[in-house]
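A.B. asks: Take a look and give me a structure for this.
(one chain, ligands or ions: 2)
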Amino acid sequence: MGFIANTDFWNWTCTDSGGSSGTCTASKKIDAACGSANGQAFPTKPTTNLCSIGFASTVTGSGPWSWICEGTNGGANSNVCNATVGDNTSPTISNFRLAGGALYTNSATVTIAGTLSEAIQKYILSENNSQPASGDSRWIAGAALPGAYTLGSLTDGLHTIYSWAMDLAGNISTSAASDSITVDTTPPVINNTSISPTTTYATSRSVTATRNNTNETLSYYSTTGTTCNTNLSDSLFTDYINPPTFNSAGDNGKRVCFLLRDVAGNKTYSLSDPISNIVNCSSGYNLDTTTGQCVYVPPSYTLGGTHPNGGKIFYCDDVNNCTSGLVAQQADAALSVTWDTANNTCSAAGWRLPTSSELDTMYSQKASISSLPQSSRYWGDQVDSLKANTKNFATGSSAQQYMSGAYNTRCIKSF
Ligand SMILES: [Ca+2]
Ligand SMILES: [Ca+2]
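C.D. replies: Ligands and ions are numbered 1, 2, ... in the order given. I've put the predicted structure just below:
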């Protein structure tokens, strides 16, 4: 008997006395054993490490799975080997938001928020939307999404960030979570800052500014300085709803600092020219916007109204701007007196008797003259050495009467 080699089988050579020889073999009987996959959990049917010794049968089941390892050379088969279903669900990222959901930014770094469906070991944040495999170079080890992401460039326009996660079992999100934000680094434009009116002098002036985009926010403050304070808090500016207006001579020299903010937070400041030549006139005076002088404006009254001198206004030279006309006393000055007495009574009080046409006007407006008539016929002015005009305010008839007669007196005067 010769050398016995190997451990799984043996062979040896037998030689007879005549010199002939033959090779003899004996196999080792080996019992099988389950591999390291036995007793473990897998996302999908296991294919490796099924048997540590022997040959695996077909793996049966759709999770859990089972198989046996077959012994060799008459060795015993293993017991049934088993594997259970592990994590086979892909992680998801919900509520993925850039910059808190803002639509615009002027910063390269935007905050990130997202809700993970399960614990993860890696994530991807990328502006490249290609679905990753496990070996993708974009994977970053981490148990959570980071709080911020820095864009690859700060070019104006829409930027979209895609995100995937890898769970602890190695499953990868089947689709990207994504959100977009528009980068805007271009400051807004304030234009057409102007002061009106453009007259040399004015009682008030307004400062107007316009913007190109209505989604930009315009605000302002007034200042006696000659520069805009760009360090001033935005909250100290007043929203521009109407143009700021100045109406005091004390405002001369002031300027308006406008602040325009776009949706991305870019700011533009603009300082107006100074306010000048505001003149405040006293009540009853109007400003001449060419000379800067305050000009007296006579008060205007209403036909039928009461004049400050106590009379009732029964005639206006210009009914639309009644600054002059005639008033009548609100009560008769005398009843049943001669013309001389009537005339003297009015003169003594600073009034006078009406002319013939003024009597006609009084009659037509008698409804607006108090207590007229208290009696029928009233004196007017003198016609000649013997007669004077009269009018019957009850009937409207006019007549020239002897001045020695006895009629009534209602005095008038101009205003
Ligand atoms: Ca999972
Ligand atoms: Ca902009």
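
A.B. asks: May I have the beta-bridge partners of the residue of the chain found nearest ligand 1?
C.D. replies: Closest residue of the chain to ligand 1, C-beta to the ion: D167 (3.7 Å). C-beta: built from backbone N, CA, C; applies to glycine. On the basis of DSSP bridges, D167 is bridged to I120.

A.B. asks: That one reaches S134, doesn't it?
C.D. replies: No. Checked against C-beta atoms under 8 Å, the pair D167 and S134 is beyond contact range at 11.4 Å.

A.B. asks: residue contacts, G304?
C.D. replies: K312, I313, F314, Q365, S368 (C-beta atoms under 8 Å, 6 or more residues apart in numbering).

A.B. asks: Check A5 and give its pLDDT.
C.D. replies: Note on A5: pLDDT of 41.

A.B. asks: Model confidence at N321, what's the number?
C.D. replies: Reported pLDDT for N321: 93.

A.B. asks: Output the below-cut-off pLDDT ranges for the protein.
C.D. replies: 1-8 (pLDDT under 70).

A.B. asks: Just give the number of residues close to L103.
C.D. replies: 13 (other C-beta atoms under 10 Å).

A.B. asks: My error: substitute N231 in the last question.
C.D. replies: Counted with other C-beta under 10 Å, the neighbours of N231 add up to 5.

A.B. asks: what about it, distance to M362?
C.D. replies: 74 Å (C-beta to C-beta, to the nearest Å).

A.B. asks: One more: C228?
C.D. replies: 67 Å.

A.B. asks: which one of those two has more residues nearby?
C.D. replies: In terms of neighbours (other C-beta under 10 Å), M362 is the more surrounded of C228 and M362; the figures are 25 against 20.

A.B. asks: tell me which of the contacts of G304 is nearest to T185?
C.D. replies: I313 (70.0 Å; C-beta to C-beta).

A.B. asks: so where does the closest one fall, helix or strand?
C.D. replies: strand 312-316 (DSSP states H and E).

A.B. asks: Show me what that strand is in contact with.
C.D. replies: By C-beta under 8 Å, 6+ apart, strand 312-316 touches 301-307, 322, 324-330, 358, 361-362, 365, 368-370, 412, 415.

A.B. asks: ok, the contacts of G304 vs L335, which is closest?
C.D. replies: Once C-beta to C-beta is applied, the member of the contacts of G304 that ends up nearest L335 is K312, at 18.6 Å.

A.B. asks: Beta-bridge partners for that closest one, please?
C.D. replies: Bridge pairing for K312 - DSSP bridges - gives T306, A328.

A.B. asks: can you check T210 too?
C.D. replies: Under the criterion used (DSSP bridges), T210 bridges to N191.

A.B. asks: burial of it, as a residue count?
C.D. replies: 14.

A.B. asks: and if you look at A388?
C.D. replies: 23.

A.B. asks: Please identify which helix or strand holds it.
C.D. replies: strand 387-392.

A.B. asks: Could you tell me which residues of the stretch 151-300 of the chain lie near ligand 2?
C.D. replies: D184, T186, D262, N266 (C-beta under 5 Å from the ion).

A.B. asks: Now neighbour count and secondary structure too, for those, in TSV please.
C.D. replies: Shown next, in TSV, are these (neighbours: other C-beta atoms under 10 Å; DSSP: H, G, I helix; E, B strand; the rest coil):
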residue	neighbour count	secondary structure
D184	19	coil
T186	12	coil
D262	22	coil
N266	16	coil
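
A.B. asks: Columns distance to A209 on top of the residues you listed, output as TSV?
C.D. replies: Below are those laid out as TSV (distance: C-beta to C-beta, whole Å):
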residue	distance to A209
D184	21
T186	18
D262	15
N266	17
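
A.B. asks: related to what we said a few turns ago, generate TSV for the contacts of G304, with distance to L335 and neighbour count as supplementary columns.
C.D. replies: As requested, these are arranged in TSV below (distance: C-beta to C-beta, whole Å; neighbours: other C-beta atoms under 10 Å):
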residue	distance to L335	neighbour count
K312	19	23
I313	24	22
F314	20	24
Q365	21	18
S368	21	17
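
A.B. asks: List only buried entries from the contacts of strand 312-316.
C.D. replies: 301, 307, 322, 325-329, 358, 361-362, 365, 368-369, 412, 415 (16 or more other C-beta atoms under 10 Å).
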